[in-house]
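[1] predicted model follows, preceded by the sequence.
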Amino acid sequence: MGNEESTVVDDSTRPSVLEARNMEAVAKYIQQHDVKRIVVMVGAGISTSAGIPDFRSPDTGLYANLAFLDLEEPEDVFDISFFRENPKPFYALAKELYPGRYRPTVAHSFIKLLYDKGLLLKHFTQNIDCLERQAGLSGDKIVEAHGSFATQRCIECKTPYPDEEMQKKVHHGEVPHCLVPQCNGLVKPDIVFFGEALPESFFRSRDLPEQADLCIVMGTSLSVQPFASLPSFCREGVPRVLINMQRVGGLGSRPDDVLLLGDCDVGVRKFAKAMGWEEELEALWEQTNPDPKAREAENAPLQSRDERLRDEVDRLTEDIERTLGLTDAYQQRVRERLGEPSKQGQSNGVDSGAGEESTGLDHVFPHLARKFR
Ligand code: APR
């Protein structure tokens, strides 16, 4: 059980539907109004306790730790034009983020519990980790607004790429290319990169929050549009519960908003307790335990979440450095094979695609080459 307490922020504004701006009043509202159409909107914060770093947390977030790559913007790793120039950093990350290595969190099981109770209208996620599916949520209830690793295709001819091939490539940190001979384009998972359109399923479901009788927002900074607008589509008078480390978006501005600031797993356990669902939630989460023997290990002194996250982020950055290192060694071999002078200050003649000779890692981050010329 998480030891951090989550605090309910009781703003001064009197609620118009709830008796009070707290979890107990939300539980009462659910029971008294026969609530059946809950929309849930989540981000990376519901997966951090599984060991997957989020993006913007100051120390452990992915973007804070990719800064060492000296990218113009850490988000470049998920930018489609950057990916076209150099897919290596993304595939170094993909190896670590690829589904199958992580267990769903209590927050994922809480969403599954809402589904099992017939209360879930739709679950909107920005996450690409497929942990909602792994927690047993049925695909027709999920809108993966930023896509996911579930499928992949060529970015040029859009030909789908076989799953097992993709798993092999990602596992070996290799960049997959289209199997259509005359194409050979780069293959990318169906994740929405910056500069790409969101999937049809998002726009088809975007009017559902208006039909909701309760909205739960969890583990997101609500900093990326159009996803960030979803909570505002709920009708006035429909309670909105935010379970997040800090206040985000416009949440808290409406009289029936309830802010449960703190850890997601602690917050959903508080929600379940107010509803009398504690046992069901723990039992559901237990079912996600991949290895029964691990149960004993569960009692072993756990690393703190930050320690686990720190390890995960260290592993991520080592992986990328290794990929870059491989690039260096690879270049050295190519120079030797071509009988070229070694790299000390000499151009290695590898064209960064910018029409100039490049040195060092330029072909890994060609746009940096231009910047540092
Ligand atoms: N409990 C509660 N809140 C948490 C936890 C936790 N265990 N861990 C992180 N958070 C909070 C953070 O404080 C932050 O407010 O979750 C939020 C995560 O925000 P981001 O890192 O910005 O992640 P997200 O909102 O999912 O990002 C949206 O940005 O880069 C793009 O496509 C990417 O889908 C992603 C989008």
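    Alright, I've got the coordinates. Residues are numbered from 1 along each chain as shown.

[2] for Glu19, what are its contacts?
    25, 28-29 (C-beta atoms under 8 Å, 6 or more residues apart in numbering). Every residue, glycine included, has its C-beta placed from N, CA and C.

[3] ok, so of these, who is nearest Pro176?
    Nearest to Pro176, judged by C-beta to C-beta, of those is Tyr29 at 49.0 Å.

[4] okay, now the closest one: neighbour count?
    20 (other C-beta atoms under 10 Å).

[5] surely it touches Ala20?
    No. With contacts counted by C-beta atoms under 8 Å, Tyr29 stays clear of Ala20, the gap being 10.2 Å.

[6] related to what we said a few turns ago, the contacts of Glu19 into JSON lines, with extra columns for secondary structure?
    JSON lines is the format used below for these (DSSP: H, G, I helix; E, B strand; the rest coil):
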{"residue": "Ala25", "secondary structure": "helix"}
{"residue": "Lys28", "secondary structure": "helix"}
{"residue": "Tyr29", "secondary structure": "helix"}
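
[7] okay if I get those as CSV plus distance to Gly51 and pLDDT?
    CSV is the format used below for the contacts of Glu19 (distance: C-beta to C-beta, whole Å; pLDDT from 0 to 100):
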residue, distance to Gly51, pLDDT
Ala25, 34, 97
Lys28, 36, 97
Tyr29, 34, 98
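
[8] of the residues you listed, list those near the ligand.
    Of the residues in those, proximity to the ligand by C-beta under 6 Å from any ligand atom holds for none.

[9] which parts of stretch 119-135 are buried?
    The neighbour-count check on stretch 119-135 (16 or more other C-beta atoms under 10 Å) flags 119-135 as buried.

[10] stretch 55-73 too?
    Residues of stretch 55-73 classed as buried: 55-57, 60-66, 69, 71 (neighbour count, 16+ other C-beta under 10 Å).

[11] which of those residues lies closest to Gln182?
    Nearest to Gln182 out of the buried residues of stretch 55-73 is Leu71 (C-beta to C-beta; 32.7 Å).

[12] my guess is Lys88 meets Val175, correct?
    Yes. Between Lys88 and Val175 there is a contact at 6.7 Å, judged by C-beta under 8 Å.

[13] on that earlier part again, from the contacts of Glu19, pick the one nearest the ligand.
    Lowest distance from the ligand to the contacts of Glu19 (C-beta to the nearest ligand atom) belongs to Ala25, with 21.4 Å.

[14] tell me how many other residues crowd that closest one.
    Ala25 has 19 neighbouring residues, counting by other C-beta under 10 Å.

[15] how close does it get to Thr220?
    From Ala25 over to Thr220 the distance is 23 Å, taken as C-beta to C-beta, to the nearest Å.

[16] measure Thr159 to Met41 for me?
    Note on Thr159: its distance to Met41, by C-beta to C-beta, is 33 Å.

[17] phi, psi for the closest residue to Phe82 other than its chain neighbours please.
    Counting by C-beta to C-beta, 6 or more residues apart in numbering, Asp76 is the residue found nearest to Phe82 once chain neighbours are left out, at 4.2 Å. Note on Asp76: its backbone torsions stand at phi -50, psi -30 [degrees, to the nearest 10].

[18] just Leu261 next, same as before
    Residue torsions, per degrees, to the nearest 10, at Leu261 are phi -90, psi 130.

[19] what sits against Arg56?
    63-64, 221, 223.

[20] model confidence score at the residue nearest the centre of the chain, please.
    Nearest to the mean C-alpha position of the chain, by C-alpha atoms, centre = their mean, lies Asn127 at 3.4 Å. pLDDT, Asn127: 96.

[21] so it touches Ala145, yeah?
    No. At 9.2 Å, Asn127 does not count as touching Ala145 under the criterion of C-beta under 8 Å.

[22] so which bits of the chain are right by the ligand?
    So the chain meets the ligand at 43-45, 48-49, 54-57, 61, 75, 126, 146, 219-221, 223-224, 244-246, 248, 263-264 (C-beta under 6 Å from any ligand atom).

[23] just the buried ones from those?
    So, of the residues of the chain next to the ligand, 43-45, 48-49, 54-57, 61, 75, 126, 146, 219-221, 224, 244-245, 248, 263-264 end up buried under the neighbour-count rule (16+ other C-beta under 10 Å).
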